[in-house]
Structure formats: structure tokens, C-alpha cells
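heads up, no residue letters with this:
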């Protein structure tokens, strides 16, 4: 996230921390473990009749190995079993936008700095 914020000239460590803490909830947080090593975390929670993906973070050294896609498949399985949509927001200009689009998310709306997506249940 820092790299994306720096790219658009918006990185402020205090604001980034405050934004993270505003949406972080340990009750909905899962560690991502690969080959016995914690490589990231994900936070998704029920919101407005669906699931909202607040955070999906994979350490840079482990990105590009399909870990994020695996996490989304787990989330989609839960959402589909419950008949729920999945929503997510991504910083404008972030590589995350392409990632979410590749995995079936469709853009729903934009705000000043974020683009929002949804995926309907299968």
C-alpha cells in the first residue's frame, strides 16, 4: 500500500495508520501461512448483507505466487455458500485494481482516492 500511496504523492504514515486501524478488527482477521511461515493477513467481515474485504496483505517477497488468489478463493467459497456478494475498495492507481478485476470483481463506483468493486455470489 505504501508504494501505491507514494506513487500518487499521498503517503502519510499517520494517516495510513489511522485508516488501517479504523477498519482493522482482530475478530475478522486471519493470518496467511504458507509452508509454515506467516506471509500476510486478511480481514473480511459481514457488512451490508455481504462480505467486505477490508485488508489483504501479502509480504512483498511472497507476492506473485498465487497466495492472494488462494485467499480470494477461500473468501468466495464462504460467500457463495451463504449467497453473499463480496465488495472491496482499492486505491486509485494501485496494482490491486487489476488483481481484483482479474478475479471477477466489477467496478461499482469511485471516490476521490478509491475505486470500489463487487463480486456477486455464484
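Great, that's in hand. Values in this document were obtained by computation on a predicted structure and should not be read as measured data. Numbering: from 1, shown residues only.

which residues in this protein form helices?
Here the chain has its helices, by DSSP state H, at 2-7, 13-23, 67-82, 96-102.

Mean pLDDT and distance to residue 30 added to these, as TSV?
All C-beta atoms are positioned from the backbone trio N, CA, C, and that covers glycine. TSV is the format used below for the helices of the chain (pLDDT from 0 to 100; distance: least, CB to CB, whole Å):
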stretch	mean pLDDT	distance to residue 30
helix 2-7	63	22
helix 13-23	80	15
helix 67-82	97	8
helix 96-102	96	18
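
would CSV of the ones you listed with mean neighbour count and distance to residue 55 be doable?
Converted to CSV, the helices of the chain look like this (neighbours: other CB atoms under 10 Å; distance: least, CB to CB, whole Å):
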stretch, mean neighbour count, distance to residue 55
helix 2-7, 13, 14
helix 13-23, 11, 7
helix 67-82, 16, 11
helix 96-102, 16, 11
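
now these in CSV, with distance to residue 59?
As requested, the helices of the chain are arranged in CSV below (distance: least, CB to CB, whole Å):
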stretch, distance to residue 59
helix 2-7, 13
helix 13-23, 16
helix 67-82, 9
helix 96-102, 15
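
Indicate which one of those helices is closest to residue 33.
helix 67-82 (9.9 Å; CB to CB).

Can you give the contact residues for that closest one?
Applying CB atoms under 8 Å, 6 or more residues apart in numbering, the contact partners of helix 67-82 are 32, 34, 39-40, 42, 44, 50-51, 53, 56, 58, 84-86, 99, 103, 119, 121-122.

mind running it again at 7 Å?
32, 34, 39-40, 42, 44, 51, 53, 56, 58, 85-86, 99, 103, 121-122 (CB atoms under 7 Å, 6 or more residues apart in numbering).

So which of these are in strands?
The strands, defined by DSSP state E, take in 32, 34, 39, 40, 42, 44, 51, 53, 56, 58, 86 from the contacts of helix 67-82.
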